[in-house]
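**Student:** no sequence on hand, only this structure:
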């Protein structure tokens, strides 16, 4: 049986254990989703004389800061059972990438909720009952596991992702000190693994689009 020192040495040889709370999620929603249509905020900025273009367009870089939790997606391989020589074998024939659910903290201007409400409207217009063009409402979502020095150690990118489920929000008189949260489930075409370098370069490219 291995000793605790052997275990510790083995872990340290691999850089230590990964921390569950060390992650980034980086994506830019469709441009229409980022338009700030909150009249309270706009009137407040106008009255204070601080109204600018930045008040009209929400900054997608805040999304990562407000993401409380997410998941690195799983993959289910579908199989058929085949019998040969009186033995049953599983034969793979397809795979399914599992949806990704994120939980976001809600600020008092409902910034993150508004972004996803606008995004959902570009997917399916609830007034006209029309569906948008896929190319107009999808985006790549990059999820990174990072170390204690904020360096990506593993990453995935969800290709052509879009929200399929916007969670409800509970209101409760007895929850005086509770913070509001909001969950979103993403569907996507497929996920691709990225190494540390690929994930870093991909993140930089995403951030460059925001400048």
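**Tutor:** Cool, got the structure. Since we're looking at a predicted model, the values are computed, not measured.

**Student:** residue 85: neighbour count?
**Tutor:** By the criterion of other CB atoms under 10 Å, residue 85 has 5 neighbours. For glycine as for every other residue, the C-beta is placed from the backbone atoms N, C-alpha and C.

**Student:** distance of it from residue 79?
**Tutor:** Counting by CB to CB, to the nearest Å, the separation of residue 85 from residue 79 is 18 Å.

**Student:** for residue 96, list each beta-bridge partner.
**Tutor:** Residue 96 has these beta-bridge partners by DSSP bridges: residue 76.

**Student:** from what I see, it and residue 78 are in contact.
**Tutor:** Yes: counting by CB atoms under 8 Å, residue 96 does reach residue 78; the two are 6.6 Å apart.

**Student:** by contact count, what packs against the helix or strand harbouring residue 201?
**Tutor:** Counting by DSSP states H and E, the element that carries residue 201 is helix 196-208. If contacts are counted by 3 or more CB pairs under 8 Å, 6 or more residues apart in numbering; DSSP states H and E, helix 196-208 sits against strand 23-26, strand 139-146, strand 152-166.

**Student:** just how off-centre is that helix within its chain?
**Tutor:** For helix 196-208, the distance from its own C-alpha centre to the chain's C-alpha centre is 15 Å (CA atoms, centre = their mean, to the nearest Å).

**Student:** can you give me the mean pLDDT across it?
**Tutor:** Mean pLDDT, helix 196-208: 74.

**Student:** just stretch 144-153 next, same as before
**Tutor:** Stretch 144-153 comes out at a mean pLDDT of 90.

**Student:** same question, stretch 128-141
**Tutor:** Averaging pLDDT along stretch 128-141 yields 94.

**Student:** near residue 80, how many other residues are there?
**Tutor:** Residue 80 is flanked by 10 other residues according to other CB under 10 Å.

**Student:** so which residues of the protein form helices?
**Tutor:** 4-13, 39-48, 53-56, 62-66, 111-123, 134-137, 196-208 (DSSP state H).

**Student:** please identify the most buried of the ones you listed.
**Tutor:** Stretch with highest mean neighbour count among the helices of the chain: helix 111-123 (a mean of 19; mean count of other CB atoms under 10 Å).

**Student:** which strands and helices sit next to that one?
**Tutor:** Counting contacts by 3+ CB pairs under 8 Å, 6+ apart, helix 111-123 packs against helix 62-66, helix 134-137, strand 152-166, strand 181-187.

**Student:** could you give me the buried positions within the longest one?
**Tutor:** When burial is assessed from 16 or more other CB atoms under 10 Å, strand 152-166 yields the following buried residues: 152, 154-158, 161-163.

**Student:** next one: stretch 103-113
**Tutor:** Neighbour-count burial for stretch 103-113, counted by 16+ other CB under 10 Å, picks out 104, 110-113.

**Student:** quick one: least confident helix or strand in the protein?
**Tutor:** The weakest-scoring helix or strand in the chain, judged by mean pLDDT, DSSP states H and E, is helix 53-56 (a mean of 44).

**Student:** circling back: rank the helices and strands packed on helix 111-123 by mean pLDDT and give me the bottom one.
**Tutor:** Ranked on mean pLDDT, the bottom entry among the helices and strands packed on helix 111-123 is helix 62-66, at a mean of 88.
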